[in-house]
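A.B. asks: sequence below, structure please.
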Amino acid sequence: MKKVLFTAMLMAFATAATADVPMAFEELDRDANGYISKSESGAREDLEANFATVDKDGDGKLTINEYQAYQGMGRMTPPEESEVSEPGAAPY
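C.D. replies: Numbers count the residues shown, from 1 in each chain. Alright, predicted model coming up:
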């Protein structure tokens, strides 16, 4: 019984600790095709609700640049430019 209770508490803590951390692009792009579809955006309620606004070119999918721009909304300075590797590429 104690083991079950401990496991439940640990899972609750892990969920609470990550609730405020935005998901990475790769986590949302579940099929690893390089885009976030409308259905994939459902993992984040705020992203799903603002999908049409975030999808700047209106093609029905979010690129990593569109997602990063959404993540940076409201900041005083834009996020730093960073090189983004191709989906599935090995880290350098």
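
A.B. asks: just the strands in the protein please.
C.D. replies: Ranges of strands within the chain are 36-37, 61-62, based on DSSP state E.

A.B. asks: tabulate the ones you listed (a markdown table), appending mean neighbour count and distance to P22.
C.D. replies: Any C-beta I mention is one placed from the backbone N, CA and C, and that applies to glycine too. Converted to a markdown table, the strands of the chain look like this (neighbours: other CB atoms under 10 Å; distance: least, CB to CB, whole Å):
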| stretch | mean neighbour count | distance to P22 |
| --- | --- | --- |
| strand 36-37 | 22 | 13 |
| strand 61-62 | 22 | 13 |
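
A.B. asks: so which of those is nearest N50?
C.D. replies: Closest to N50 of those is strand 61-62 (CB to CB; 10.4 Å).

A.B. asks: what pairs with that closest one, parallel or antiparallel?
C.D. replies: strand 36-37 (antiparallel) (DSSP bridges).
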